[in-house]
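J.: coords below, sequence missing:
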């Protein structure tokens, strides 16, 4: 694995964390949205990441990252899933979206949990930026060795 591959690997991590931040922002934006139908109520979403390097580590690959290239050691977004948590039912008989029993279904978004996810994604993104900056510094120092 060359030093240049580090940028590709860190970049894939940054892309994955960007998807995570976008998902968190969507969840927070829809935390208080209501609809007249339980089936149409927004449900919290969460990205699922997949480590591509796992194929090498479990013996499905050649045993070495050298032969596989930079895309072999990266993170990919395998998909975005909806939460299976129950919707929040609140008794608001005066709400125009209330059902016949006076309950309104709110999304199953936990804003506190989403804020923790946002902080975690932001820090992971920053860590990947730090990795790129360190690799850049190492490459610059290597170029000055012959001076």
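T.: Happy to help now that I have it. What you see is a predicted model, and the numbers here were worked out from it, not measured in a lab.
J.: contacting residues around stretch 42-52?
T.: 16, 19-20, 23, 26-27, 30, 33, 35, 71-83, 85, 87, 107-110, 114, 117 (CB atoms under 8 Å, 6 or more residues apart in numbering). Every C-beta, even on glycine, is put in place using the N, C-alpha and C of the backbone.
J.: now, the residues you listed that are in strands?
T.: 75-82 (DSSP state E).
J.: hmm, back to that, in PyMOL, how would I select the buried members of the contacts of stretch 42-52?
T.: In PyMOL syntax, the buried subset of the contacts of stretch 42-52 is picked out as below (16 or more other CB atoms under 10 Å):
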select buried, resi 16+20+23+26+27+30+72+73+74+75+77+87+107+108+109+110+114+117
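J.: please report how far the closest residue to residue 28 other than its chain neighbours lies from residue 36.
T.: The spatially closest residue to residue 28, leaving aside those adjacent along the chain, is residue 114, at 5.2 Å (CB to CB, 6 or more residues apart in numbering). According to CB to CB, to the nearest Å, residue 114 and residue 36 sit 25 Å apart.
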